[in-house]
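Peer 1: Need the 3D shape of this:
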Amino acid sequence: MGDRICVMKDGVIQQVAAPLELYNRPQNLFVAGFIGSPPMNFFAGVLSRVGSEIWFSEKNEKSPPVELKLPGSISKKIAARLDQPVFFGIRPENIHDVPATTDGNPVSTTEVRVEVSEPMGAETLLYLTTGATSFIARVRPTDRFEANQRINVTFDLAHAHFFDVASEQVL
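Peer 2: Now for the predicted structure:
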């Protein structure tokens, strides 16, 4: 068995790397969405500066947008992209229902609506919506949710990915 994978799209190599490298550090939007099950979630939005902090705001005209204060480690990498459209990507296991976290951090927490709760035995997959974006969270199997229930979720931003909208390349 090989220890590297070549991800191709339309006959063009997108990235060649070890499986965990592809999963943890995808070079573009295609690889990020291709590797992983369920796949990475993507939110369209913009980066802006509020004081000395950088925030991501979801493009959302239907309900209050997801607004997340980015940690300094990420802010330094993407500061040149302020006021430009980006895609924010995060894997389902990096989204937690607030009771499952010990630090329900309000700057990385938002209210969403449960569309479907799918108990899988060792985990529960939550199909959620912000009103503009549908996405999936992988939570504890003991947590129970109902369709249309409003819950708070926390994004583990240490595992966030940002992509350029035009080139789809990682920032």
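Peer 1: got the CA positions of stretch 110-125 in PDB?
Peer 2: Coordinates of the C-alpha atoms in stretch 110-125 are reproduced here as PDB (Å, rounded to 0.1, in the frame of the first residue of the first chain):
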ATOM      1  CA  THR A 110     -23.500  30.800  17.500                       C
ATOM      2  CA  GLU A 111     -27.200  29.800  17.600                       C
ATOM      3  CA  VAL A 112     -28.300  27.400  14.800                       C
ATOM      4  CA  ARG A 113     -31.400  25.300  14.000                       C
ATOM      5  CA  VAL A 114     -31.300  21.500  14.000                       C
ATOM      6  CA  GLU A 115     -32.600  20.100  10.700                       C
ATOM      7  CA  VAL A 116     -32.000  16.400  11.400                       C
ATOM      8  CA  SER A 117     -30.400  14.500  14.200                       C
ATOM      9  CA  GLU A 118     -28.800  11.200  13.100                       C
ATOM     10  CA  PRO A 119     -27.700   8.900  16.000                       C
ATOM     11  CA  MET A 120     -25.000   6.600  14.600                       C
ATOM     12  CA  GLY A 121     -24.100   4.600  17.800                       C
ATOM     13  CA  ALA A 122     -20.600   5.900  18.600                       C
ATOM     14  CA  GLU A 123     -21.600   9.400  17.500                       C
ATOM     15  CA  THR A 124     -24.500  11.600  16.500                       C
ATOM     16  CA  LEU A 125     -24.400  13.600  13.300                       C
END
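Peer 1: quick one: that stretch to chain centroid distance?
Peer 2: Computed by Cα atoms, centre = their mean, to the nearest Å, the separation of stretch 110-125 from the middle of its chain amounts to 15 Å.
Peer 1: Return the set of buried residues in it.
Peer 2: 110, 112, 114-115, 117, 123-125 (16 or more other Cβ atoms under 10 Å). C-beta: built from backbone N, CA, C; applies to glycine.
Peer 1: where does the protein have low pLDDT?
Peer 2: Within the chain, the stretches falling below the threshold (pLDDT under 70) are 1-2, 99-106.
Peer 1: Which residue ranges make up the domains of this structure?
Peer 2: When the chain is parsed with automatic domain parsing, its domains come out as 1-36, 37-164.
Peer 1: Switch those domains over to a markdown table; also include distance to residue 171.
Peer 2: Rendered in a markdown table, the data for the domains of the chain read as follows (distance: least, Cβ to Cβ, whole Å):
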| stretch | distance to residue 171 |
| --- | --- |
| domain 1-36 | 11 |
| domain 37-164 | 4 |
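Peer 1: Could you pull out the helices in this structure for me?
Peer 2: For the chain, the helices defined by DSSP state H cover 19-24, 29-34, 72-78.
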